[in-house]
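> sequence and predicted structure below; questions after.
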Amino acid sequence: MLSRRTRRSMLAAGVALTTLIPLAACSGGSSGGPASGAAGKDPAKFTVLTANENPTLAKELDALAAGACKSENDALPIEHQTLAQADTVQKITLLASQGALPTHFIAGTAMVRPDGDLGKAGLVLDYKKALTDLGAWDQILPAAASTIQSVYGHEVSLPYQYNVEGIWYNKQIFTKLGLTPPQTFDELLTDAKKIKDAGYTPFAMDGKDAWPITRLIGMYIFRSVGPDAMKAVQDGAAKLTDAAYVQAADQVQKLAEAGYFGKGFISEDAATANNDFLTGKAAMKYDGSWLLANINDPSQTTIGADNVGLMPFPAVDGGKGSIDQWAANAGAAMAMNPKTYGPKVGAWLKCIVTNYGAQALKDQGVVSGFKVNGTVDNVPPATKMVQEKVADISQTVLWFEALMDGKSTALAQSNVSLLATGQMTAQDYMSQLQTSIDANK
Amino acid sequence: MKRVFGDRKTIIILLAPTLIIYVLVKLVPVAWSFGLSFFEGNTLRGFTFVGGANFAKFFTDPAAIQSLWVSIIFAVLATVGQIVLGYLLALLYVFVLRKGSAFVRTAVFFPMVLPTVAVALLFRSLVSVGDNQGPVNDVINFFGGHSVEFLASTTGTMIIALVMTYWSSMGFYAILMYTGLLDIPDEIIESARLDGANGWRLVRHIVIPLSLPILISSIIFSFNATLKVFDSLLALNNGGPGTSTAPLTLYMFRTAFEYAEYGYGSTIALVLTLLCLVFTLAIFRSSRRRAED
């Protein structure tokens, strides 16, 4: 007869085994493959998953469904789903593993790259192939296509936004203090001092979100080391602990220590920082062209939209980068599920790329990476200014974390508050980040 | 009735539905998570068996060790504060305010019903600096001091998190221990008083020993709750500055759901469970020894 203890341990072993067997069955990984073309089957609805934080996209797609894409919508009605942007990776991983991905969906940057979870499993549509087959690849602006290619490694996102980033400045304050847009970083420092002495905050800084600070580090690196500086780190040709890279973190730390970001910038959120700039408390703000939505709203911009200027991040003396290389991005990744890519979805895709550019510009003053077909009247002057600048850009750079894995991106953004408050040295910041990049390769 | 409950079949029929649900929603996921800690990957990538590699990784991962310390330090400081303040309040209710304590009890308990995230946002605003400066810094300025950016430093964030925890939960522990103190027979207190025990001596030799069981339960409650702290530190400063106030729970969440490493995330969860178990057993054992003394 079995003793009670033996029986108990047998039961425990049984439970452990039943747990492990199904897991073992799951192991081995799914069969990977390249993103395929039009081989899928049309779904019952054109399901679109977007972020709560970007209501514009859903609104504009609805406007297309009621207007230019009415026949496509009648054939395959659009249906919206939303999620909190921070939950993207978790939700998409879950949906993809259940075979329940929506037709058109937001995804994490690292997921859609060729070596990412979705890219490897062949769960993202190659837009270049699909749109070439549809005869509509020319609807994507070459600059936007090139940005998508360099961020994601292949054409798997639609450029619903095409953002350039730079330093927005208050023309009135600049004129009052006799300043002109600085051409070098040293000039920027001198101007910042003058602005601070005059009682304004030099830079409105949304420190709570961290990325506006890491962007400055990145831009300094692109100006001093050159436009391929971060690619070199990713390829292992350079290290973030190299003197030129550490110097960038050091310079940004000095900006913070000199009080140029204002009081309490570490806990300041985006709305407060925007408000500081748009109401004339701060003279400059590093931000993307998505700020146009706020600038064009007179209730927010009490300084007047025509008093807002945009300049590129200045050059660094003796650096290999140039002031003409603007930072650009194409918004969050918006991928398409190849399994549900049938002729009706293809028709939707063609309609979106052909009409979204004009629709978004007309309704929201948003600059997208699609060709604007037809004429759009009454474009706000600030939007026009950005459009003109975009038209002149010949070379763009990415942002500091663009090529990093998810974990290193999170580390770069969480540690930057320690750097900016002097609790971490520039050397430590860069060396922790380099260790993380090496560990996650 | 006795015959009904004496019948084995009846017991099984009555217990089975609850037991099955309990096993399905509680024990199976726990066992599943335990199993996952020996694997690497996620539901999309697939799982690969890695044996004990996740455990080895945990003890060589500086971020994990840092989070482990944040959890332990926070749990110890929060428990000490909650229990001491709660016990002092309970003594105040029983011996000073007596029958008139109802209002104070309700008022001190009230923050407990507020959602933790709301409390964290409230404290964030209280200590903020800059254009929307909070009242704490207004007071500091009033007395001639410079504004302090509490949430920019690790110590500052930890202090605010602890004050917030004390404020929101000391009322709960006060009520818990108040009920324990009410159970002490009046005659014993009276006779101790007649024997000349007053004030601290009365508390030290009569009240504490007689309320020890409820005190131990409160410590275990408090320790287990604070060791699993998540929402308050997340909402207060997102585990920052940097990751210096990110507890193990937050690191587990980020690992599993932000970086999609389910296996390693499960390992961290297992370590947390073991930690709760070890501390609970340690408290039990020390209290038993004290009772035997």
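Nice, I can see it.

> C-alpha only now, for contacts and for neighbours.
OK.

> A:A382 and A:N296 touch, don't they?
Yes - using C-alpha atoms under 8 Å, A:A382 is in contact with A:N296, at 7.2 Å.

> A:Q81 belongs to a strand?
Yes - with DSSP: H, G, I helix; E, B strand; the rest coil as the criterion, A:Q81 is assigned to a strand.

> quick check: bridge partners of it?
Beta-bridge pairing for A:Q81 (DSSP bridges): A:L49.

> show me how far stretch B:158-176 is from its chain's centre.
10 Å (C-alpha atoms, centre = their mean, to the nearest Å).

> can you list the buried residues in it?
Neighbour-count burial for stretch B:158-176 flags B:158-162, B:164-176 (criterion: 16 or more other C-alpha atoms under 10 Å in any protein chain shown).

> equivalent analysis for stretch B:205-213, please.
B:206-207, B:210-212.

> which other residues reach it?
Contacts to stretch B:205-213, defined as C-alpha atoms under 8 Å, 6 or more residues apart in numbering or on different chains, come from residues B:177, B:180-181, B:184, B:189, B:192.

> how many neighbours does A:L134 have?
For A:L134, the neighbour count with other C-alpha atoms under 10 Å in any protein chain shown is 14.

> pull up the overlap in contacts between A:A382 and A:N296.
Common neighbours of A:A382 and A:N296, using C-alpha under 8 Å, 6+ apart, are A:A305.

> for the stretch of helix or strand B:A192 belongs to, which positions count as buried?
Assigned by DSSP states H and E, B:A192 belongs to helix B:186-194. Judged by neighbour count using 16+ other C-alpha under 10 Å, the buried positions of helix B:186-194 are B:189, B:192.

> next one: stretch B:218-235
For stretch B:218-235, the neighbour count (16+ other C-alpha under 10 Å) marks B:218-220, B:222-224, B:226-235 as buried.

> from the contact counts, what lies against the helix holding B:A192?
Packing partners of helix B:186-194 (3 or more C-alpha pairs under 8 Å, 6 or more residues apart in numbering or on different chains; DSSP states H and E): helix B:199-202.

> chain center to the helix it packs on, what's the gap?
29 Å.

> same question, stretch A:272-292
18 Å.

> what sits up against that stretch?
With contacts defined as C-alpha under 8 Å, 6+ apart, stretch A:272-292 is touched by A:163-170, A:173-174, A:195, A:200-206, A:212, A:216, A:295, A:300-303, A:365-367, A:382-383, A:386.

> any idea how far apart the tips of that stretch sit?
16 Å (C-alpha to C-alpha, to the nearest Å).

> that one: which residues count as buried?
Under the neighbour-count criterion of 16+ other C-alpha under 10 Å, stretch A:272-292 has A:272-278, A:280-292 buried.

> now intersect those with the helices, please.
Counted as lying in helices by DSSP state H, out of the buried residues of stretch A:272-292, are A:272-278, A:292.

> show me what from chain B comes close to chain A.
B:31-32, B:35-36, B:42-49, B:128-131, B:149, B:151-153, B:240-243, B:257-260 (C-alpha under 8 Å from any C-alpha of the partner chain).

> the residue nearest to A:I266 when sequence neighbours are not counted and chain B: what is the separation?
Computed as C-alpha to C-alpha, 6 or more residues apart in numbering or on different chains, the closest residue to A:I266 that is not its neighbour in sequence is A:G207, at 4.3 Å. As judged by C-alpha to the nearest C-alpha, to the nearest Å, A:G207 and chain B stand 10 Å apart.

> how many residues are close by A:G207?
Neighbourhood size, A:G207 [other C-alpha under 10 Å]: 23.

> quick one: contacts for A:N355?
A:64, A:68, A:372-373.

> least confident secondary structure element in chain B?
helix B:2-6 (a mean of 71; mean pLDDT, DSSP states H and E).

> then whatever helix or strand comes next after that one to CSV, C-alphas only?
Downstream of helix B:2-6, the first helix or strand assigned by DSSP H and E is helix B:8-22. Taking Å, rounded to 0.1, in the frame of the first residue of the first chain, the C-alpha atoms of helix B:8-22 are listed here in CSV:
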residue,chain,number,x,y,z
ARG,B,8,-18.9,11.1,1.9
LYS,B,9,-20.9,11.4,-1.4
THR,B,10,-22.8,14.4,-0.1
ILE,B,11,-19.5,16.1,0.9
ILE,B,12,-18.1,15.5,-2.6
ILE,B,13,-21.3,16.7,-4.4
LEU,B,14,-21.4,19.9,-2.3
LEU,B,15,-17.7,20.7,-2.6
ALA,B,16,-17.0,19.6,-6.1
PRO,B,17,-18.3,22.6,-8.1
THR,B,18,-16.4,25.1,-5.9
LEU,B,19,-13.3,22.9,-5.9
ILE,B,20,-13.3,22.5,-9.7
ILE,B,21,-13.7,26.2,-10.3
TYR,B,22,-10.9,26.9,-7.7
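
> quick one: mean pLDDT over the very next helix or strand once past helix B:8-22.
The C-terminal neighbour of helix B:8-22 among helices and strands, as given by DSSP H and E, is helix B:28-36. For helix B:28-36, mean pLDDT rounds to 93.

> next one: stretch B:50-65
On average, the pLDDT along stretch B:50-65 is 92.

> with stretch A:398-412 instead?
Rounded mean pLDDT across stretch A:398-412 is 89.

> hmm, who's touching it?
Contacts for stretch A:398-412 (C-alpha under 8 Å, 6+ apart): A:110, A:147, A:151, A:214-215, A:217-219, A:230-231, A:234, A:327-329, A:429, A:433, A:436-437, A:440, B:242, B:258-259.

> the same query, at a cut-off of 7 Å, please.
For stretch A:398-412, the external contacting residues (C-alpha atoms under 7 Å, 6 or more residues apart in numbering or on different chains) are A:110, A:151, A:214-215, A:218, A:234, A:327-329, A:433, A:436-437, A:440, B:259.

> please apply the same query to stretch A:417-434.
A:210, A:239-241, A:246, A:249-250, A:253, A:256, A:266, A:408, A:411-412, A:415, B:152, B:241-242.

> how does it look with 8 Å?
Against stretch A:417-434 from outside (C-alpha under 8 Å, 6+ apart): A:207, A:210, A:239-241, A:245-247, A:249-250, A:252-253, A:256-257, A:266, A:408, A:411-412, A:415-416, B:152-153, B:240-242.

> buried stuff in that stretch?
Neighbour-count burial for stretch A:417-434 flags A:417-427, A:429-434 (criterion: 16+ other C-alpha under 10 Å).

> centre of the chain to it, how far?
Remark: stretch A:417-434 is offset 23 Å from the chain centroid, using C-alpha atoms, centre = their mean.

> with stretch B:251-267 instead?
On the basis of C-alpha atoms, centre = their mean, stretch B:251-267 sits 22 Å off its chain's mean C-alpha point.

> for that stretch, measure first residue to last.
End-to-end distance for stretch B:251-267, by C-alpha to C-alpha: 11 Å.

> give me the mean pLDDT for it.
The average pLDDT for stretch B:251-267 rounds to 91.

> in it, which residues are buried?
Neighbour counts over stretch B:251-267 (16+ other C-alpha under 10 Å) mark B:251-267 as buried.

> repeat that for stretch A:55-62.
The neighbour-count check on stretch A:55-62 (16+ other C-alpha under 10 Å) flags A:56-58, A:60-62 as buried.

> how about stretch A:184-196?
Buried residues in stretch A:184-196, defined by neighbour count with 16+ other C-alpha under 10 Å: A:184-185, A:187-189, A:191-196.

> pull the most distant pair out of those residues.
Of all pairs drawn from the buried residues of stretch A:184-196, the widest gap by C-alpha to C-alpha lies between A:T184 and A:K196 and measures 18.4 Å.

> residues of the stretch 301-441 of chain A that sit close to chain B?
Applying C-alpha under 8 Å from any C-alpha, we find that the stretch 301-441 of chain A lies next to chain B at A:406-407, A:411, A:413-418, A:421, A:423.
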